[in-house]
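K.L.:
I would like the atomic coordinates for the input below:
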Amino acid sequence: MQSIPRRPALFDTMTELPRAGLEATRLALSLPSLYRGMPRGDGHPVLVLPAYGTGDLGLWPLRRFLEGLGYVALESALGTNLDRGELRIRRVEDAARFRRVQSERVVRRAREICEQTGEKPSLVGWSMGGLFAFDAARLAPDAVRRAVTLGSPFGDPRGTSMWDVMRRISGSRVPPEEQDFETWLRPVASDDASPAAPVTILYSERDGIVGEDAARIDEKAARSAATHDLLGVRYERIASSHLGFAVNREAYRAIAWALAAEPRPEPAASPASPRDPGPERDD
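P.N.:
Coordinates of the predicted model:
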């Protein structure tokens with residue numbers, strides 16, 4: 001029997017909004033020095049993908065930041081990123097189908113950008129938008145340069161604080177034991193088994209929506225198919241609320257380094273104090 005990941009702490013869930021507001025304020029106050037020490041962009045396009053139930057407007061600050069770095073930041077054209085009609089989510093299999101449909105839309109958008117600009121775009125996705133970015137990087141490495149995900153629910157959705165809420169909103173009456181969670185947990189792969197584009201997964205232990213375990217790929221499920229390798233996946237933990245990923249200066253720095261495909265420099269060692277003579281020398 002598969003274990004259910006631990007949900008976020010109740011305190012972190014209840015303080016999501018005020019913490020996100022504080023993160024937005026800190027970002028605004030740090031604008032004059034925000035770009036200091038960050039790698040500059042090379043001008044390639046970056047497609048920015050919103051969270052479930054949100055639109056491109058909520059990621060306007062992130063797009064402006066990317067443009068300031070020197071990238072061409074593009075809207076997703078996914079609308080409000082909601083399930084409707086035949087894609088209505090009643091059970092986890094429906095959620096997996098919605099994810100696949102949206103990911104394929106992102107692939108088509110990436111191919112359009114390739115044709116228009118002659119360059120493969122990078123993808124940056126927040127929450128469920130990060131799942132679309134991750135899937136597109138695996139489905140179409142010929143059209144995606146790399147992907148960065150922000151607090152995305154890769155793991156068992158029961159490990160999120162929204163699981164019960166979403167069941168009530170959708171009117172789902174399907175018991176969890178009758179749902180196939182493996183359809184959600186297994187990463188997709190391209191039909192020709194091409195190596196996936198590299199992916200950086202940003203997650204936070206203080207995320208009040210997506211628990212730390214749910215923010216990581218289920219490696220057991222990934223190993224269930226030989227083509228589902230995770231060699232190009234890198235994790236980075238930052239301090240952020242879930243809502244704050246879109247306006248968090250630490251997340252912005254991590255995104256800048258991930259898009260530049262450069263290792264982040266180690267913090268400089270502080271100089272020895274007068275009481276610290278430093279390493280001994282051989283005279």
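
K.L.:
need the longest helix for the chain.
P.N.:
Ranked by residue count, the top helix of the chain under DSSP state H comes out as helix 92-117.

K.L.:
buried ones in it?
P.N.:
Neighbour-count burial for helix 92-117, counted by 16 or more other C-beta atoms under 10 Å, picks out 92-100, 102-107, 109-111, 113-114. For glycine as for every other residue, the C-beta is placed from the backbone atoms N, C-alpha and C.

K.L.:
stretch 140-159: which residues count as buried?
P.N.:
Residues of stretch 140-159 classed as buried by neighbour count (16+ other C-beta under 10 Å): 140-141, 143-159.

K.L.:
ends of it, how far apart?
P.N.:
29 Å (C-alpha to C-alpha, to the nearest Å).

K.L.:
determine the set of other helices and strands touching the helix or strand following the longest helix of the chain.
P.N.:
Moving toward the C-terminus from helix 92-117, the next helix or strand (DSSP states H and E) is strand 122-126. Under the contact criterion of 3 or more C-beta pairs under 8 Å, 6 or more residues apart in numbering; DSSP states H and E, strand 122-126 touches strand 45-49, helix 60-69, helix 128-139, strand 147-150, helix 249-260.

K.L.:
strands paired with the fourth one, and their directions?
P.N.:
Looking at strand 147-150 with DSSP bridges, its partner strands are strand 122-126 (parallel), strand 199-203 (parallel).

K.L.:
return the helix or strand in this structure with minimum mean pLDDT.
P.N.:
When the helices and strands of the chain are scored by mean pLDDT, DSSP states H and E, helix 219-222 comes last with a mean of 62.

K.L.:
and the next helix or strand after that helix with strand 199-203, angle?
P.N.:
Following helix 219-222 in sequence order, the next helix or strand is strand 233-237 (DSSP H and E). With axes from the mean of the first three to the mean of the last three C-alpha atoms, to 10 degrees as the basis, strand 233-237 and strand 199-203 are set at 20 degrees to each other.

K.L.:
can you list the strands that strand 233-237 pairs with?
P.N.:
strand 199-203 (parallel).

K.L.:
can I get the partner strand as PDB, trimmed to CA atoms?
P.N.:
Coordinates of the C-alpha atoms in strand 199-203 are reproduced here as PDB (Å, rounded to 0.1, in the frame of the first residue of the first chain):
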ATOM      1  CA  VAL A 199      14.700  20.600 -15.400                       C
ATOM      2  CA  THR A 200      15.300  22.600 -12.200                       C
ATOM      3  CA  ILE A 201      12.600  21.900  -9.500                       C
ATOM      4  CA  LEU A 202      12.300  24.600  -6.900                       C
ATOM      5  CA  TYR A 203      10.400  23.700  -3.700                       C
END
